[in-house]
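1. Predicted model follows, preceded by the sequence.
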Amino acid sequence: MADDGGRLVLITGGAGFIGSHTADALLARGYRVRVLDILDPQIHGVGGTRPVYLDPRVELIVGDVRNRSDLAGALEGVSAVYHFAAQTGVGQSMYDIQSYCDVNINGTAMLLDVLGNVSHRVQRVVLSSSRAVYGEGEYRCERCGSITPPKRSREQLESRRWEMACDRCGSVAHPVPTPEGKPLDPISVYALTKRVQEDLLRMFGATYGMRFVVLRYFNVYGERQALNNPYTGIGAIFTNRALMGQDISIYEDGQPGRDFVHVRDVVQANILALENDLAINGTFNVGTGRRLTVLQLAELILQKIGVTVRLRQTGQYREGDIRDCYADLSHSTKVLGYRPSVPFDAGVEEMIRWARTQPVEDRFAEAESALKDRKLL
């Protein structure tokens, strides 16, 4: 398929949550969009068909990013690539190790291998990375100043000492916004695969002169998130459980901090990464710069839905989870031009309205059981 003025964009994994919203935005700006997606049953259901929300103008190729011929065909005439195809979620990655490495690392390697060995017109690759690559976020000790403490030990977690401690003086450390320059310290298989994706793309870019942009998404939520995937974002999990009248499990003490960013703001960053030349070869946080606790998220969802279900604070913890991380947006604002605009309350209300229209299936107990069986919970 021939390119039309350099306006054909490929989105790997584009039939999913963030990819489909990005496709909508690209179409609105006059681009033509092609999607390569395997239609993973965990996201799209068994025997997955084209999602009803995927704009009919999107050219959908059902294929695998790990398959050379699928990729070569999908890249024909393309001027830019959004590489979103990946296995996501911390918990599952800690036991489904081979699958996460295969899809995330080998899929990225195959994309770059094809770009390095066939004739193409691709001028830019945008990678969806994750705040998970940081491990714990940035912290500050009142005595010692800015610190980057190591992950919490199993002994610490088993004794329910949840807070991070200064690795110099032992005092309780307090979370502060995390900049892109923080040393990376991934503590889950998922996080490690995202760091490898970044490293592969940077090495390829330096070797072949390929322009690229790395976007580190924080905790994305919104319409079209896979409600029935028990390893999806916690906003979708909590919403799904509440709509079914099921108790919501809150790990640790409910106070882990996250940066919940609406998918529309993520799409804003995606478009800027494609169109802003100042972004070339850069790495950018995509969040809100605002810290909210997991307990605050759960309470807001219950309030908006108007149901009374139990928030079970079990004191359990999950291997691979961090205590805190929220975004420092100074670099993203200055260079990328990114400014989040969706108020959290309004974003949650939109997600709930959409979720009410969707069929729901409770697979949370199945996911918890898988973690418990492997002593990961």
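-> Thanks, I have it. Numbering: from 1, shown residues only.

2. Quick one: residues contacting Thr232.
-> By CB atoms under 8 Å, 6 or more residues apart in numbering, the contact set of Thr232 is Thr88, Gly89, Gln225, Ala226. C-beta coordinates here come from the backbone N, C-alpha and C atoms, glycine included.

3. What's the local residue count around the second one?
-> Same thing as Gly89. Residues contacting Gly89 under the criterion other CB atoms under 10 Å number 21.

4. need the contact list for it.
-> Tyr190, Asn229, Tyr231, Thr232.

5. Just the element for the second one, please.
-> Mapping Asn229 onto the secondary structure by DSSP states H and E places it in no helix or strand at all.

6. leaving aside the residues next to it on the chain, what's closest to it?
-> Closest residue in space to Asn229, ignoring its immediate chain neighbours: Gln42 at 5.4 Å, by CB to CB, 6 or more residues apart in numbering.

7. what bits of the stretch 201-350 of the chain have low per-residue confidence?
-> Applying pLDDT under 70 to the stretch 201-350 of the chain flags residues 230.

8. residue boundaries of the helices in it?
-> Ranges of helices in the stretch 201-350 of the chain, per DSSP state H, counting those that start in this stretch, are 234-243, 263-275, 294-305, 330-331, 344-355.

9. closest one to Thr207 among the ones you listed?
-> Of all these, it is helix 263-275 that lies closest to Thr207, at 20.8 Å by CB to CB.

10. chain center to that closest one, what's the gap?
-> Remark: helix 263-275 is offset 14 Å from the chain centroid, using CA atoms, centre = their mean, to the nearest Å.

11. so what does it touch, helix or strand wise?
-> The contact analysis (3 or more CB pairs under 8 Å, 6 or more residues apart in numbering; DSSP states H and E) places helix 263-275 against helix 17-28, strand 80-83, strand 124-130, strand 211-217, strand 219-221, strand 282-286.

12. Which of the ones you listed sits closest to Asp321?
-> Using CB to CB, the helices and strands packed on helix 263-275 put strand 219-221 closest to Asp321, at 12.2 Å.

13. Quick check: the farthest pair among the contacts of Gly89?
-> Applying CB to CB across those, the maximum distance is between Tyr190 and Asn229, 13.8 Å.

14. Which one's more surrounded, these two?
-> Tyr190 (27 against 23).

15. Shouldn't that one be within a helix?
-> Yes. According to DSSP: H, G, I helix; E, B strand; the rest coil, Tyr190 belongs to a helix.

16. Tell me the predicted confidence for the nearest residue to it once chain neighbours are set aside.
-> Leaving aside its chain neighbours, Tyr190 sits nearest to Ser93 (3.7 Å; criterion: CB to CB, 6+ apart). Note on Ser93: pLDDT of 92.

17. Surely Gln358 and Leu227 touch.
-> Yes. Counting by CB atoms under 8 Å, Gln358 touches Leu227, with 5.6 Å between them.

18. residues contacting Ala242?
-> If you count contacts by CB under 8 Å, 6+ apart, Ala242 has them with Ile248, Ile301, Leu302, Ile305, Val307, Val309.

19. Wait, the first one touches Arg310, no?
-> Yes. Counting by CB under 8 Å, Arg310 is a contact partner of Ile248 at 7.4 Å.

20. And Gly135, how close does it get to Ala165?
-> Distance of Gly135 to Ala165, given as CB to CB, to the nearest Å: 15 Å.

21. Grab the nearest non-local neighbour of Ala355.
-> In space, and not counting its chain neighbours, Ala355 is closest to Thr239: 4.9 Å by CB to CB, 6+ apart.

22. Counting neighbours, what do you get for the one you found?
-> Neighbours of Thr239 under the rule other CB under 10 Å: 29.

23. Which residues lie in contact with it in this structure?
-> Contact analysis of Thr239 by CB under 8 Å, 6+ apart lists Leu227, Ile301, Ile305, Met351, Ile352, Ala355.

24. Could you verify that the residue nearest to Asn229 is part of a strand?
-> No. Judged by three-state DSSP, Gln42 forms no part of a strand; its state is helix.

25. so it makes contact with Leu227?
-> No. When contacts are counted by CB under 8 Å, Gln42 is not listed as touching Leu227 (12.0 Å).

26. Which one's more surrounded, the two?
-> Shown here are Gln42 and Leu227; by other CB under 10 Å, Leu227 has more neighbours (22 against 18).

27. For that one, what are phi and psi?
-> Backbone torsions for Leu227, taken as degrees, to the nearest 10, come to phi -60, psi -30.

28. Might one say that it is in contact with Thr357?
-> No. Under the criterion of CB under 8 Å, Leu227 is not in contact with Thr357, lying 10.6 Å apart.

29. Who has more neighbours out of Ile248 and Arg310?
-> Shown here are Ile248 and Arg310; by other CB under 10 Å, Ile248 has more neighbours (24 against 11).

30. Let me see the contact set for that one.
-> Counting by CB under 8 Å, 6+ apart, Ile248 touches Phe238, Arg241, Ala242, Ala298, Leu302, Val309, Arg310, Leu311, Arg312.

31. Going by neighbour count, which of those residues comes out on top?
-> Phe238 (26 neighbours).

32. buried stuff in stretch 167-187?
-> Going by neighbour count (16 or more other CB atoms under 10 Å), the buried part of stretch 167-187 is Ala173, Pro175, Val176, Pro177, Thr178, Pro179, Glu180, Lys182, Asp185, Pro186, Ile187.
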